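**Student:** Any chance you can model this:
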Amino acid sequence: FDVEGKDAAQKLVILSSLAFNANINDSIFTEGITKINKYDLKYADELGYKIKLLAIAKDENNEIELRVHPTMIPKHHELASVKNELNAIYIVGENITKAMLYGKGAGQLPTATVVLGDVIDIAKGKKDNFYFEDRKIKDIKRISSRYYLRYTVTEKPGVLAKITKILGDNN
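**Tutor:** The predicted structure is shown next:
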């Protein structure tokens, strides 16, 4: 669940539901880190980046953009320092500009703490009533982003020209 991004996707849906007051029923684009290899890490490092599995949520023009995938982020960015069992939430908003919250998000003790807190709330009869709105999830095919592409090709004339033509033909 972790390496394929499924855990991050589930957390993203929960947090986005609360943050955007949204009823999220659509599946979201999810890509894990299993296709990342040592060369990707090496080239990212040489270019000044780290590769992190990010769960991204944006609310723009009355559409919610939700996606989970490996992302190259600058080494100096706050998220680049999040490692091991630590999770982080990096928030950019109209009124708060930028804020990051992070801490343990995996393992027996953090999970047990949250579950026990929920059991206590249920026993006390605590209930929250949420009324989520139906919101449209932006199709991944309509999302613009920058990409890192690495090709392994045979060394013969015309190979790179063919790749360049395909990329050019697809804007």
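
**Student:** Kindly list the single helix or strand of this protein that scores lowest on mean pLDDT.
**Tutor:** helix 108-123 (a mean of 75; mean pLDDT, DSSP states H and E).

**Student:** Ends of stretch 148-158, what's the gap?
**Tutor:** 21 Å (CA to CA, to the nearest Å).

**Student:** do stretch 82-96 as well
**Tutor:** Terminal-residue distance, stretch 82-96 (CA to CA): 21 Å.

**Student:** Need the pLDDT of the most centrally placed residue in the chain.
**Tutor:** With distances taken as CA atoms, centre = their mean, residue 55 lies nearest the centre of the chain, 1.6 Å away. On pLDDT, residue 55 comes in at 96.

**Student:** what residues are up against it?
**Tutor:** 5, 8, 9, 11, 12, 66, 67, 68 (CB atoms under 8 Å, 6 or more residues apart in numbering). Where you see a C-beta, it was placed from the backbone N, CA and C, and this is true even at glycine.

**Student:** who does residue 49 bridge with?
**Tutor:** residue 74 (DSSP bridges).

**Student:** Pull the number of nearby residues for it.
**Tutor:** 18 (other CB atoms under 10 Å).

**Student:** picking that back up, what's the next secondary structure element after the least confident helix or strand of the chain?
**Tutor:** Remark: after helix 108-123, the chain's next helix or strand is strand 133-134, criterion DSSP states H and E.

**Student:** what lines up beside that following strand in the sheet?
**Tutor:** strand 22-23 (parallel).

**Student:** Give me the distance from the least confident helix or strand of the chain to the chain's centre.
**Tutor:** 25 Å (CA atoms, centre = their mean, to the nearest Å).

**Student:** what comes into contact with that helix?
**Tutor:** Residues contacting helix 108-123 (CB under 8 Å, 6+ apart): 85, 103, 104.

**Student:** Tell me the buried residues within these.
**Tutor:** Among the contacts of helix 108-123, none scores as buried (criterion: 16 or more other CB atoms under 10 Å).

**Student:** and which of those is nearest to residue 50?
**Tutor:** residue 85 (17.1 Å; CB to CB).

**Student:** Can you verify my assumption that the closest one contacts residue 104?
**Tutor:** Yes. Assessed by CB atoms under 8 Å, residue 85 is found in contact with residue 104 at 5.5 Å.

**Student:** where in this structure is pLDDT low?
**Tutor:** In the prediction, the chain carries residues with pLDDT under 70 at positions 106-107, 110, 126-131.

**Student:** Phi first, then psi, for the closest residue to residue 67 other than its chain neighbours.
**Tutor:** Spatial nearest neighbour of residue 67, chain neighbours left out: residue 29 (4.4 Å); criterion: CB to CB, 6 or more residues apart in numbering. Residue 29 adopts backbone torsions of phi -60, psi 130, taken as degrees, to the nearest 10.
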